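Peer 1: Give me the fold of what follows.
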Amino acid sequence: MHKCWPERLPPQAALAALASALLAWAPLAHARGYTPQGRCGGYEKVSIGSPAGTCVALVADEREGLRAPRRVLEISPGRLWIIDMGSWMPRQGRLLELSLPAQPSANSAQRPQVQVLADKLDRPLALVRGPDALIYIGEASRIWRTHVPAAGQPIQAQAVLDQLPDDGAHPLKEITFGPDGGLYVNIGSLTDRCQDAQGALPHPCPERGAMQFRGAVWRAVLRSPAATGQPPQAPVQQFAPFALGLRNSVALATLPDGPAKGSLWQAENNIDYRDRNEPPEELNELVEGADYGWPYCVGAQRPARGYEQRARCAATKAPHMLWPAHTAPLHLLATSQASPFQGQLLAAWHGPQGHRVVGFARQKDGKPGGKPIEWLGNWTADGKTRPLGRPTGLALNHAGQLMVVEDYNRSLLMLLPDTASARSPQR
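Peer 2: Residues are numbered from 1 along each chain as shown. As a prediction, this is how the structure comes out:
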């Protein structure tokens, strides 16, 4: 992510940076800013650009207690789980369950019912259904899982990985599963570009050393459940680095079908330059053992500033695509070819030059490419009907409808057919 957490600084400077970061999050208390523009699928309609024949519904917001929602997942029709990080302060996060009305009224707003399934979570982010049908949650220092209980019943958390590094600039853990059941975990870099306390850029970067392997995606090999009557074993058989040189992999996805089925994808939140157009964000196809360059290289295998005479960028793996600078991709959603999105790789662009949800169509080789397709766009603050869009998480429900959460605006949105417009008389 971009400019949201203090780097490793001397104590006084770190305290000042922390105060600044907390102040930056203070507007969460009054940040929704949407003025309904009629009805959309029985919910309030908001003024966000979407394809013809669709509308964007405001399903939930701070009225349901949302503070900083980061991920959403449909557990069963009408039953949603939401990871709410709360704030960047430790142990403010919650796992929420939202029960949607069975048949939202076209004339009057019906609000979801909310239950807190877990609280005091430490900067949670990941929310993924595993191949074992369990739900996996990623906190800053641990990954755990739970069966889906009957509605209204408590969860039963089981630790999968713990004592993960939770300090520095990028403590959040995103996860995805590979086709063999391997669990891939983001271990973000400690700093923006490996600068030390004096601002120098060491080479080699100690964060890439064998004792740390920060700025990397790791792979966990999970054990099969113990047979009945056998003593329980630790769920993880092996945990090791998979791909290096990745500053902050909070957007990970695995393609579910097609010629590139099972390929692993990462959207890189790149080093923070002050330039409007540098450096570009990246979409990377992750390959075991590959080095993607952080902190030495950015973009199309170019040396990063400060490493011009020391980097060997030609030896790194080139990005699959370059995206505009400072779009800050915070989530990837790989859709199936049978879904209404026809296999597109969807991305939540959260940053100062993002504020939209885009998709990339699969090409002949089955991999994403081409120009971005806007699903939620024109999402700038107009001072009247909407705030700036800051999407953080994406999911499809059982009907293939897109659900989007925003942390800064504290909202759950849904892209729905615009039946009201369809009924309007033609002029």
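Peer 1: pLDDT weak spots in the stretch 101-250 of the chain?
Peer 2: In the predicted model, the stretch 101-250 of the chain carries pLDDT under 70 at residues 104-109, 226-230.
Peer 1: can you pull out the strands in it?
Peer 2: Taking DSSP state E, counting those that start in this stretch, the strands of the stretch 101-250 of the chain run over residues 113-121, 126-129, 135-138, 143-146, 158-161, 175-177, 183-187, 216-222, 236-244.
Peer 1: so which of these gets nearest residue 34?
Peer 2: For residue 34, the closest of the strands of the stretch 101-250 of the chain is strand 113-121, at 18.6 Å, according to Cβ to Cβ. All C-beta spots, glycine's among them, are computed from the backbone N, C-alpha and C.
Peer 1: Need the CA coordinates for that closest one. CSV is fine.
Peer 2: Extracted C-alpha coordinates of strand 113-121, given in CSV (Å, rounded to 0.1, in the frame of the first residue of the first chain):
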residue,chain,number,x,y,z
GLN,A,113,-28.6,-7.8,10.2
VAL,A,114,-25.0,-7.9,11.6
GLN,A,115,-23.4,-10.3,14.0
VAL,A,116,-19.8,-10.1,15.3
LEU,A,117,-18.2,-13.5,14.9
ALA,A,118,-14.7,-12.5,16.2
ASP,A,119,-13.2,-9.3,17.5
LYS,A,120,-9.9,-8.0,18.7
LEU,A,121,-8.3,-9.3,15.5
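Peer 1: centre of the chain versus it, how much separation?
Peer 2: Taking Cα atoms, centre = their mean, to the nearest Å, one finds the center of strand 113-121 at 20 Å from the center of the full chain.
Peer 1: Could you do stretch 245-254 as well?
Peer 2: Averaging C-alpha coordinates over stretch 245-254 and over its chain gives two centres that are 9 Å apart (Cα atoms, centre = their mean).
Peer 1: about what we covered before: with respect to residue 89, which of the strands of the stretch 101-250 of the chain lies nearest?
Peer 2: Nearest to residue 89 among these is strand 113-121 (11.3 Å), distances taken as Cβ to Cβ.
Peer 1: what comes into contact with the closest one?
Peer 2: The set of residues external to strand 113-121 that reach it, using Cβ atoms under 8 Å, 6 or more residues apart in numbering, is 60, 64-65, 81, 83, 86, 91-99, 137, 139, 152, 154-155, 157.
Peer 1: do the same with stretch 366-382
Peer 2: Surrounding stretch 366-382, the residues in contact under the criterion Cβ under 8 Å, 6+ apart are 33, 47-51, 56, 255, 258-261, 263, 265, 283, 285, 320-321, 344-347, 355-363, 386-389, 391, 402, 404, 413, 415.
Peer 1: Can you tell me which of the strands of the stretch 101-250 of the chain is nearest to residue 291?
Peer 2: Ranking the strands of the stretch 101-250 of the chain by distance to residue 291, with Cβ to Cβ as the measure, places strand 236-244 first at 4.9 Å.
Peer 1: sorry, back to before: how about a markdown table for the strands of the stretch 101-250 of the chain, with mean neighbour count and distance to residue 397 added?
Peer 2: Compiled in a markdown table, the strands of the stretch 101-250 of the chain are given as follows (neighbours: other Cβ atoms under 10 Å; distance: least, Cβ to Cβ, whole Å):
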| stretch | mean neighbour count | distance to residue 397 |
| --- | --- | --- |
| strand 113-121 | 15 | 17 |
| strand 126-129 | 20 | 13 |
| strand 135-138 | 24 | 16 |
| strand 143-146 | 20 | 20 |
| strand 158-161 | 17 | 26 |
| strand 175-177 | 23 | 19 |
| strand 183-187 | 24 | 24 |
| strand 216-222 | 21 | 27 |
| strand 236-244 | 16 | 31 |
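Peer 1: Using JSON lines, lay out those strands together with distance to residue 372.
Peer 2: Shown next, in JSON lines, are these (distance: least, Cβ to Cβ, whole Å):
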{"stretch": "strand 113-121", "distance to residue 372": "33"}
{"stretch": "strand 126-129", "distance to residue 372": "24"}
{"stretch": "strand 135-138", "distance to residue 372": "27"}
{"stretch": "strand 143-146", "distance to residue 372": "31"}
{"stretch": "strand 158-161", "distance to residue 372": "34"}
{"stretch": "strand 175-177", "distance to residue 372": "21"}
{"stretch": "strand 183-187", "distance to residue 372": "23"}
{"stretch": "strand 216-222", "distance to residue 372": "24"}
{"stretch": "strand 236-244", "distance to residue 372": "24"}
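Peer 1: Tell me which of those approaches residue 311 most closely.
Peer 2: Closest to residue 311 of these, according to Cβ to Cβ: strand 236-244, at 14.2 Å.
Peer 1: what packs against that closest one?
Peer 2: In this structure, strand 236-244 packs against strand 158-161, strand 216-222, with contacts taken as 3 or more Cβ pairs under 8 Å, 6 or more residues apart in numbering; DSSP states H and E.
Peer 1: do that again at 10 Å, thanks
Peer 2: Helices and strands in packing contact with strand 236-244 are listed as strand 158-161, strand 183-187, strand 216-222, strand 264-268, strand 281-286; criterion 3 or more Cβ pairs under 10 Å, 6 or more residues apart in numbering; DSSP states H and E.
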